[in-house]
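Participant: structure, please.
(chains A and B)
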Amino acid sequence: MARSTILIADNSCMIRKGLRSILQNLENSEVIQLIDNKEDVCGIVHKRKPDILIINPDMLPGDCLDVKRELFNENKLSLILLSNRKNLKNDLKADGYINYMDGQNTILDMMQEILNKNNKSSFPNKNSETISSREKNILKHIALGLTNKEIADQLFISIHTVVTHRKNITQKLGIKSVSGLTVYAILHNLISMDEVK
Amino acid sequence: MRIKKDMKLADVIQLNYMLIPVIHRFGINLGFGDKTVADVCRENEVDINFFLQLVNAYHDKDYFPKEELQTIPVKNIVNYLKMTHSSYLNDKLSEIEQKIISLQSEDTEDQKYILLIRNFFEGYKSELTEHIMHEENVVFPYVLAVEEIIKNQNFTERNREIFESFSIEKYEEGHNDVEEKLMDLKTIMIKYLTPPANSTLYHTIIQDLFKLEEDLNYHSRIEDKVLTPKVILMEKSICNLI
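Facilitator: Here you go, the predicted model:
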């Protein structure tokens, strides 16, 4: 799965760095840059195209109600507002809110929810599936020691297809090396131990 | 936390127990009471500067020595890395292998599967051995030659030959492949094998594999963060020499 990228914009270096260190507990995401200057926000957002922008409303250009549309029309971007103001939700519309007083778990839960939502739209639950019968067949050939070319020839498919299958198999099983895949194939009776050379 | 010379060595070990085999490779034995890092180094005739850089690079992923780098002779680093290698080859790998073998002798029903694990581990072992041999036979002689050229500001016939046959860049490239097999072995044992009757021993083996992996990561950090940058600097100044 691709890692989600995050930008943090706030005037206070303690807030920026503190938040970054909290967000290190999130999986599959990375804080790519911290912004300390209001003038830079637009430029950096356009250049780095993050998945998530966490920003203090004071750093937003203009005090507009629907900030998101204004700023990043063309980007697919989740906006999270970061502030010590209490009733921010009523004033400004965003995908999420972080208050300076929020505890670590509250922040992480909220972020996780946003990450899940984002990933669902772009990746249709590909994680942790078992391998398909087509992939099992490919795996069997890999375990028998055939090269990509040989597998492609035997199954009448292109090398490119073999490579794609291999990638998916590796991703699903968490095993990269040929010898590891071979052990898996034997354990699951795809091939017998005597067949392996 | 940065490890400094006036800290007690005992506190350093409390901070990170993975350093126990490291100090052992320097010939330092446990039981040093309240002595500081500097004391112990002096007694064991270990270069304090080198020791500090090494344990800090082990201890902290983000540690990167810059100026200090220049001062350590490559020879010291290479000697240390060789000691690490021999501890892998002579102790760690065979320890794990022994455990797998005794797992095999205990149970009847699972023997087939344990044989698979054993063969896999053998494969890993020979790959790692090959990698280590490459470092000892090609990489280390190369960096030692580079250091000698710098020292003498001059090429001998043989050094020029070695210098032209290799570059540290090539070394950086082929560094990740060995780890793959170890990770696969762990994955298979955790996800796909039904543990044999002696599950305690089985668990110990998995934990040993994790520790080995961790130790290897530390080890390659020394190679990547201490040795390689230093050699890159030296290569540059040799190119200027030519």
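Participant: which residue is the nearest non-sequential neighbour of the residue in chain A that chain B sits nearest to?
Facilitator: Closest residue of chain A to chain B, C-beta to the nearest C-beta: A:G180 (3.2 Å). C-beta coordinates here come from the backbone N, C-alpha and C atoms, glycine included. The spatial neighbour of A:G180 that comes closest, neighbours along the chain excluded (C-beta to C-beta, 6 or more residues apart in numbering or on different chains), is B:D184 at 3.2 Å.
Participant: tell me which element the one you found is part of?
Facilitator: Assigned by DSSP states H and E, B:D184 belongs to helix B:177-187.
Participant: how about residues contacting that helix?
Facilitator: Taking contacts as C-beta atoms under 8 Å, 6 or more residues apart in numbering or on different chains, the residues outside helix B:177-187 that touch it are A:173-177, A:179-180, B:117, B:120-121, B:123-124, B:127-128, B:131, B:206, B:209-210, B:212-213, B:216-217.
Participant: cool, and stretch B:9-27?
Facilitator: If you take C-beta under 8 Å, 6+ apart as the criterion, stretch B:9-27 is touched by B:1, B:3, B:28, B:30, B:32-37, B:39-40, B:44, B:46, B:51, B:54-55, B:58-59, B:80, B:83-84, B:87, B:214-215, B:218.
Participant: quick revisit: now intersect the contacts of helix B:177-187 with the helices, please.
Facilitator: A:173, A:179-180, B:117, B:120-121, B:123-124, B:127-128, B:131, B:206, B:209-210, B:212-213, B:216-217 (DSSP state H).
Participant: quick one, which of those are buried?
Facilitator: Buried members of the ones in helices among the contacts of helix B:177-187, counted by 16 or more other C-beta atoms under 10 Å in any protein chain shown: A:173, A:179-180, B:117, B:120-121, B:123-124, B:127-128, B:209, B:212, B:216.
Participant: show me what from chain A comes close to chain B.
Facilitator: By C-beta under 8 Å from any C-beta of the partner chain, the residues of chain A that approach chain B are A:173-177, A:179-180, A:183-184, A:186-188, A:193.
Participant: can I get stretch A:82-98 as PDB, trimmed to CA atoms?
Facilitator: The C-alpha coordinates for stretch A:82-98 follow below in PDB (Å, rounded to 0.1, in the frame of the first residue of the first chain):
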ATOM      1  CA  LEU A  82      -5.300  22.400  14.100                       C
ATOM      2  CA  SER A  83      -6.100  25.000  16.700                       C
ATOM      3  CA  ASN A  84      -6.600  25.900  20.300                       C
ATOM      4  CA  ARG A  85     -10.000  27.500  19.500                       C
ATOM      5  CA  LYS A  86     -12.900  25.600  21.000                       C
ATOM      6  CA  ASN A  87     -15.800  25.900  18.500                       C
ATOM      7  CA  LEU A  88     -13.800  25.600  15.300                       C
ATOM      8  CA  LYS A  89     -16.200  23.000  13.900                       C
ATOM      9  CA  ASN A  90     -19.000  25.500  13.700                       C
ATOM     10  CA  ASP A  91     -16.900  28.200  12.000                       C
ATOM     11  CA  LEU A  92     -14.800  26.200   9.500                       C
ATOM     12  CA  LYS A  93     -15.500  23.100   7.500                       C
ATOM     13  CA  ALA A  94     -12.900  20.500   7.300                       C
ATOM     14  CA  ASP A  95     -12.300  16.700   7.200                       C
ATOM     15  CA  GLY A  96     -11.000  16.600  10.700                       C
ATOM     16  CA  TYR A  97     -10.100  18.700  13.700                       C
ATOM     17  CA  ILE A  98      -7.200  18.600  16.200                       C
END
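Participant: now that stretch: average pLDDT?
Facilitator: Averaged across stretch A:82-98, pLDDT comes to 84.
Participant: same question for stretch B:204-213.
Facilitator: Averaging pLDDT along stretch B:204-213 yields 94.
Participant: which parts of stretch B:215-227 are buried?
Facilitator: For stretch B:215-227, the neighbour count (16+ other C-beta under 10 Å) marks B:215-216, B:218-219, B:221-223, B:225-227 as buried.
Participant: closest one of those to chain A?
Facilitator: B:L216 (15.8 Å).
Participant: where's that closest one relative to B:N56, distance?
Facilitator: Distance from B:L216 to B:N56, counting by C-beta to C-beta, to the nearest Å: 18 Å.
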